[in-house]
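1. please find the sequence and the predicted model below.
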Amino acid sequence: MIRQEQKESWHEIKEIWGNSSQGESINFQFSKLIDELKSKMSRWEKNAVESDMVKLRSSWEQYKGNVSTWEKESISKDLSKILKLIKKLVKKLRRKN
Amino acid sequence: MEHSQDQKFTQILEDNKDRIFRICRIYAVAPIEPQDLFQEVVFQIWKSLSTFKGASNISTWIYKIALNVCSRSKLKLNKSNSKEVRFESIQYLATDNIPDDNQKEKYRALHDCISTLKKEDKAIVVLYLDELPYKEIAVITGLTENHIAVKMKRIKKTLLNCITPKLK
């Protein structure tokens, strides 16, 4: 008995759902819609780039403030070592030629 | 190439507009209106169409997009606290077949009961009511068919408990 009632209620739910798109119809003017979408797309792209830039700037500000003098010195030492090595390599290559 | 893509897009919209709008109606909570969500789904389909490689059914893909957009748009629109400008090229017209007060009341009851479900259950029941097989629901939600079947049993019970007194 309960099962039968549940079955009927479920059937009613399905019917309500099926009828839910009644009363309203959606019409498209496709050529206009495509133009609108294209313009929204370029706006969206611009906004996305802008928001990326804001994020990059703010994280760079944070990052910049967190670099210690020790880190800076260590990086500059590494860079000078790399430069020396490159110079040596270039000299050797020139000699061979 | 662009022309055929446009044609494909228009065909997809024509074929799926009613099912997309049904989902938008369920997920729209004031001040967001179904039309706002519908337009967001249309825009998302437009943006993503070039990435659709046909690996799944087109309807599966559409449902995925619609559910994603509708469940996230609430947050997005609330966050920005502003509504997007509506596309003038999409018109929502009243048909002759207008539901009576009783039908409206019943739909409101169903809407309210579905709204009480958890996010995942809400998506499952919407797809189930659209008569999708468990296999397709599984693809869309990323759950297994068995899991869907178990969940559906519970969801049905919850939904019936909620709606039965309202329909009497």
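-> Yep, it's here.
2. shaky segments in chain A?
-> A:1-2, A:97 (pLDDT under 70).
3. residues contacting stretch A:37-45, please?
-> For stretch A:37-45, the external contacting residues (CB atoms under 8 Å, 6 or more residues apart in numbering or on different chains) are B:42-43, B:46-47, B:87. Where C-beta positions appear, they are placed from N, C-alpha and C, glycine not excepted.
4. next SSE downstream of the helix or strand of chain B with the lowest mean pLDDT?
-> Least confident helix or strand, chain B: helix B:58-80 with a mean of 81, by mean pLDDT, DSSP states H and E. Where DSSP states H and E defines the elements, the next helix or strand beyond helix B:58-80 is strand B:90-94.
5. show me what counts as buried in that next one.
-> By 16 or more other CB atoms under 10 Å in any protein chain shown, the buried positions in strand B:90-94 come out as residue B:90.
6. what mean pLDDT does it get?
-> Averaged across strand B:90-94, pLDDT comes to 90.
7. from the middle of its chain, how far away would that strand be?
-> In terms of CA atoms, centre = their mean, to the nearest Å, the centre of strand B:90-94 is found 18 Å from the chain centre.
8. chain B contacts on chain A?
-> Contact residues, chain A versus chain B (CB under 8 Å from any CB of the partner chain): A:5-6, A:9-10, A:12-14, A:16-17, A:19-30, A:32-37, A:40-41, A:44.
9. tally of neighbours for the residue in chain B positioned nearest to chain A?
-> Of all residues in chain B, residue B:89 sits closest to chain A, at 3.8 Å by CB to the nearest CB. For residue B:89, the tally of surrounding residues (other CB atoms under 10 Å in any protein chain shown) stands at 17.
10. contacting residues for it?
-> Residue B:89 is in contact with A:28-30, A:32-33, A:35-36, counting by CB under 8 Å, 6+ apart.
11. narrow those to just the buried residues.
-> A:28, A:33, A:36.
12. now tabulate those in JSON lines and tack on secondary structure.
-> Formatted as JSON lines, the buried ones among the contacts of residue B:89 follow (DSSP: H, G, I helix; E, B strand; the rest coil):
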{"residue": "A:28", "secondary structure": "strand"}
{"residue": "A:33", "secondary structure": "helix"}
{"residue": "A:36", "secondary structure": "helix"}
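13. nearest to chain B, of these?
-> residue A:33 (3.8 Å).
14. ok, the spatially most central residue of chain B - contacts?
-> Chain B has residue B:23 as the residue nearest its centroid, 2.0 Å off, counting by CA atoms, centre = their mean. Residues in contact with residue B:23 (CB under 8 Å, 6+ apart) are B:37, B:41, B:63, B:66-67, B:70, B:126.
15. pLDDT at it, what is it?
-> As predicted, residue B:23 sits at a pLDDT of 94.
16. which elements pack onto the helix or strand that contains residue B:137?
-> Secondary-structure assignment from DSSP H and E places residue B:137 in helix B:134-141. On a contact count with 3 or more CB pairs under 8 Å, 6 or more residues apart in numbering or on different chains; DSSP states H and E, helix B:134-141 meets helix B:58-80, helix B:119-129, helix B:145-167.
17. in the longest helix along chain B, what counts as buried?
-> Taking DSSP state H as the criterion, chain B has its longest helix at helix B:2-27. Under the neighbour-count criterion of 16+ other CB under 10 Å, helix B:2-27 has B:6, B:9, B:12-13, B:16-17, B:19-27 buried.
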